[in-house]
Structure formats: structure tokens, C-alpha cells
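Trainee: kindly generate the corresponding structure for this input.
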Amino acid sequence: MNLENNIEQHLSHFIQVITNAEFSDRENLISRENWFIDVLKLLEEIKNTEKKLFFLGNGASASMAAHFSTDFTKNGNIASFSNIEGSFITCFSNDYSYENAYMEMLKRLMKDGDGLITISSSGSSPNLLISADYVKENLKNSPILTFTSFNPQNALRKKGDYNLYVKADDYSFAESSHAYYLHLLTDLFTRKDKYNLSELLKNIALQS
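Mentor: Purely as a prediction, here's the structure:
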């Protein structure tokens with residue numbers, strides 16, 4: 001097989017992975033369109049009530065957390081934060097353990113009604129699971145969004161209010177798919193007029 005065929009095969013598989021993503025409201029599968037409508041409505045509410053977004057991840061997912069917290073702050077006008085700042089991670093990890101570090105950060109920064117977005121290929125990272133549990137138990141009005149892959153029964157997916165799962169078995173496709181859908185979500189939210197979504201979200205708000 002020549003290089004061009006390898007590239008074509010890789011592209012084809014990536015398209016298959018993003019096309020076959022699963023979207024759920026808690027543990028109930030819903031359509032892709034309804035998932036995006038619900039999440040866009042949620043983000044609109046967070047923006048209008050001047051709440052914040054917190055993005056958590058590890059490794060490459062931490063870089064995505066930083067990337068999209070920047071995009072939502074700059075282009076979405078929602079104050080957004082990630083866990084990637086070095087002194088924060090080392091301080092809290094040193095004092096509370098790596099497993100508890102993110103939770104301890106959220107205790108000090110996150111308020112009821114703020115949103116949490118967690119990104120994890122495995123969906124089994126202890127620091128993300130502990131953080132999601134903290135939010136579920138203590139911040140009753142704070143929605144949790146999860147982006148996961150690998151095992152469809154992963155623990156993080158079961159803790160989210162809105163979940164996006166991609167059927168990938170390696171990091172390159174899992175991470176690329178999460179980045180694609182986070183870009184899509186950001187693009188739809190920050191350019192609502194381009195996609196004729198502003199009126200739709202207004203009508204949904206009036207009906208709720």
C-alpha cells in the first residue's frame with residue numbers, strides 16, 4: 001500500500017469516527033441535532049446569567065481545555081478557565097495529591113450555576129471523576145458536559161448531563177474527534193447569526 005492510500009484510509013477512518021459519535025442527555029441517547037440545541041441553549045443561559053465555564057483534561061486533553069477556554073472567553077464572551085497553568089497544577093497536586101488537585105481548584109473557583117466541561121479519551125481519569133462527583137454533589141445547578149472515547153461504559157460518561165462519546169480505539173482519533181466537536185460547538189455558539197441559530201435559541205428560551 002502506497003503513502004497516498006494510507007492517508008486516504010486515515011482520513012476515511014476519521015470521518016467514520018466523527019460520523020458515528022454518540023450523543024446523550026445523561027444516559028439517554030438523543031440525536032446529534034437535539035444535543036447541540038440543548039447544549040447551545042445551556043451555553044446561552046450561562047452567558048446571559050454571567051456564569052462561568054471550567055474546562056478540565058489531562059495531557060493533550062488539558063491543552064484542548066486551555067484552547068477552548070480561551071475561545072469561549074474571547075469569542076463567546078463567557079468567562080472560562082482551564083487547569084493547565086503550571087503553578088496551579090503543581091501547587092494543588094503537591095498539597096492535595098494529583099487525584100484531588102482539580103477538585104480542590106474547583107472548590108475555590110467554581111460557583112453554583114457555572115458549567116464544567118471534561119475531556120478524556122479513557123473517561124476513567126481519577127481527577128476528572130472526583131471533580132465531576134464534587135460538582136454533582138455540591139453545585140446542584142451546575143451542568144456537566146463530558147467528551148470521552150474508548151470504552152462506551154466509561155465512568156465519566158455516566159456522570160455527565162450532556163455527553164459526547166466517540167468510538168475510537170486510539171488517542172489520535174479520540175483526541176482529533178473531541179477537538180473537531182469542540183470546534184464545531186464553539187463555532188455554532190460564537191457565530192449563531194451565520195448559522196441562523198439566534199432566532200432558534202430565542203424561541204426555545206420563550207418556550208421554556
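Trainee: which strands or helices does the longest helix seen in the chain pack on?
Mentor: Longest helix in the chain by number of residues, with DSSP state H as the criterion: helix 171-190. Packing partners of helix 171-190 (3 or more C-beta pairs under 8 Å, 6 or more residues apart in numbering; DSSP states H and E): helix 3-19, helix 32-48, helix 60-74, strand 144-148. Just so you know, the C-beta spots here come from the backbone N, C-alpha and C atoms, and that holds for glycine as well.
Trainee: now the angle between helix 32-48 and the last one, please.
Mentor: Looking back up the chat, that one is strand 144-148. With axes from the mean of the first three to the mean of the last three C-alpha atoms, to 10 degrees defining the directions, strand 144-148 sits at 130 degrees from helix 32-48.
Trainee: ok, the first one next?
Mentor: When the same axes, to 10 degrees is applied, the directions of helix 3-19 and helix 32-48 differ by 70 degrees.
Trainee: what is the following helix or strand past helix 3-19 packed up against?
Mentor: Counting by DSSP states H and E, the next helix or strand C-terminal to helix 3-19 is strand 22-25. Helices and strands touching strand 22-25, by 3+ C-beta pairs under 8 Å, 6+ apart, are strand 28-30, helix 32-48, strand 162-165.
Trainee: what is the mean pLDDT for strand 22-25?
Mentor: What strand 22-25 shows for mean pLDDT is 98.
Trainee: buried ones in the longest helix of the chain?
Mentor: 173-179, 181-182, 185-186, 188-190 (16 or more other C-beta atoms under 10 Å).
Trainee: which residues touch that helix?
Mentor: 13-14, 17-18, 21, 36, 39-40, 43-44, 60-61, 64, 67-68, 71-72, 75-76, 119, 121, 147, 149-150, 164, 166, 168, 195, 197 (C-beta atoms under 8 Å, 6 or more residues apart in numbering).
Trainee: just the buried subset of those residues, please.
Mentor: Of the contacts of helix 171-190, these count as buried by 16+ other C-beta under 10 Å: 14, 17-18, 21, 36, 39-40, 43-44, 60-61, 64, 67-68, 71-72, 76, 119, 121, 147, 149-150, 164, 166, 168, 197.
Trainee: low-scoring stretches of the protein, by residue?
Mentor: 1, 205-208 (pLDDT under 70).
Trainee: geometric centre of the chain: which residue is closest?
Mentor: residue 117 (3.9 Å; C-alpha atoms, centre = their mean).
Trainee: show me what contacts residue 69?
Mentor: 53-55, 80-82.
Trainee: next: residue 73.
Mentor: Taking C-beta under 8 Å, 6+ apart as the test, what residue 73 contacts is 79-80.
Trainee: for residue 41, which non-adjacent residue is spatially closest?
Mentor: Of all residues not flanking residue 41 in the chain, residue 204 sits nearest, at 5.4 Å (C-beta to C-beta, 6 or more residues apart in numbering).
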